[in-house]
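Q: Test case, fold it:
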Amino acid sequence: MSRSSTDSTGQPKKPAYVRIASTIREQIKSGTLQANDPVPSAATICEQYDVSMITAKSALNLLRTEGLVYGIAGKGTFVAPNRRMIRTAPHRYFQSKERTYVQEAERAGLKPEANHSTRVVAASESVGQRLEIAAGEDVMATEYRIFADGRPMSMSISWEPLSITRGTEIEHPHRGHYADSGLNARFSAIGWTIEQVEEHLIIRPPTPEETAELIIPENVHVLEVRQTVRATQNGTDNLVPVEAADIVFPTDRYEFTYLMDRPR
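A: Got it, this is the predicted structure:
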């Protein structure tokens, strides 16, 4: 590899548009550029960095896909307000009728959107342990990609035991009367009451798939939430797992708030 294609540490050089975007990103993160401030135009970037118009526009487009800037036709490109979505716990699990992402986006003044796919699969060993069923039993698996104003916000997969939901009106999470309802309302419809939510929070670097799917900038970690939801049936006191889920959030666009009452 030639000297010109490596940086001072001997690592491969990043493309020019990535380096330019990184410089502007750091100015935004440090507060040098604040919400609604103009950022350099493509023409200014061309002159300042001695690059082509394609490179300059690619840098601005990268920042736009990360949700850091927005454009106004005829006026220019500006720093986007940092409107993080706020995820509250634990009360949302027990009181909410809507799906969680809908509330979170609307509170932030953003338009929510979800892509999802559902299929019946055999429970893996780990999913079986979390749902307290045998490995290989049928579960309904649903994968989600959540967006707010077109920006990817999270990706997840959840599993519900068909031993509980099969043949009921909530067997398929996105069909029928409860298609737009959250977990609390759905399971209440078949006589189950959500009583307990266990979450394990893990901060880690994103995988290549997560980086691509969620358009995660360099050096931004993700928060993975491994969640198990338990419920009781018809007033009994036996806690039974009704859902397990793994949810991944980029840490640059989410805030987590926990309200914890004193045990009584």
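
Q: what about the residue nearest to residue 198 when sequence neighbours are not counted, helix or strand, and which?
A: Closest residue to residue 198 apart from its sequence neighbours, by CB to CB, 6 or more residues apart in numbering: residue 228 at 4.7 Å. Quick note: C-beta positions are derived from backbone N, CA and C, even for glycine. Using DSSP states H and E, residue 228 sits within strand 222-233.

Q: Please apply the same query to residue 86.
A: Element membership for residue 86 (DSSP H and E) is strand 85-89.

Q: Do you have the strands of the chain handy? List them.
A: Applying DSSP state E to the chain gives strands spanning 69-72, 76-79, 85-89, 112-122, 138-148, 151-161, 192-204, 222-233, 240-250, 254-258.

Q: Now do the first one: everything it contacts.
A: Residues lying outside strand 69-72 but in contact with it, judged by CB atoms under 8 Å, 6 or more residues apart in numbering, are 24, 28, 39, 60, 63, 64, 77, 78, 79, 80.

Q: rerun that using 7 Å as the cut-off
A: Contact partners of strand 69-72, identified using CB atoms under 7 Å, 6 or more residues apart in numbering, comprise 39, 60, 63, 64, 77, 78, 79, 80.

Q: In CSV, list those along with pLDDT and neighbour count.
A: As requested, those are exported to CSV (pLDDT from 0 to 100; neighbours: other CB atoms under 10 Å):
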residue, pLDDT, neighbour count
39, 96, 22
60, 93, 23
63, 87, 23
64, 83, 17
77, 94, 19
78, 94, 16
79, 91, 20
80, 84, 19
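
Q: In JSON lines, list those residues along with distance to residue 210.
A: Formatted as JSON lines, those follow (distance: CB to CB, whole Å):
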{"residue": "39", "distance to residue 210": "27"}
{"residue": "60", "distance to residue 210": "24"}
{"residue": "63", "distance to residue 210": "20"}
{"residue": "64", "distance to residue 210": "20"}
{"residue": "77", "distance to residue 210": "27"}
{"residue": "78", "distance to residue 210": "28"}
{"residue": "79", "distance to residue 210": "25"}
{"residue": "80", "distance to residue 210": "22"}
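
Q: wait, which of these is closest to residue 238?
A: residue 80 (48.4 Å; CB to CB).

Q: nearest residue to that closest one other than its sequence neighbours?
A: residue 70 (4.9 Å).

Q: pLDDT score for the one you found?
A: If you check residue 70, the pLDDT there is 85.

Q: and if you look at the one 3 residues further on?
A: Reading off the per-residue confidence, residue 73 sits at a pLDDT of 85.

Q: Now do the same contact list for the most centrally placed residue in the chain.
A: What sits nearest the mean C-alpha location of the chain, by CA atoms, centre = their mean, is residue 154, with 1.3 Å. Listed by CB under 7 Å, 6+ apart, the contact set of residue 154 reads 146, 247, 248, 249.
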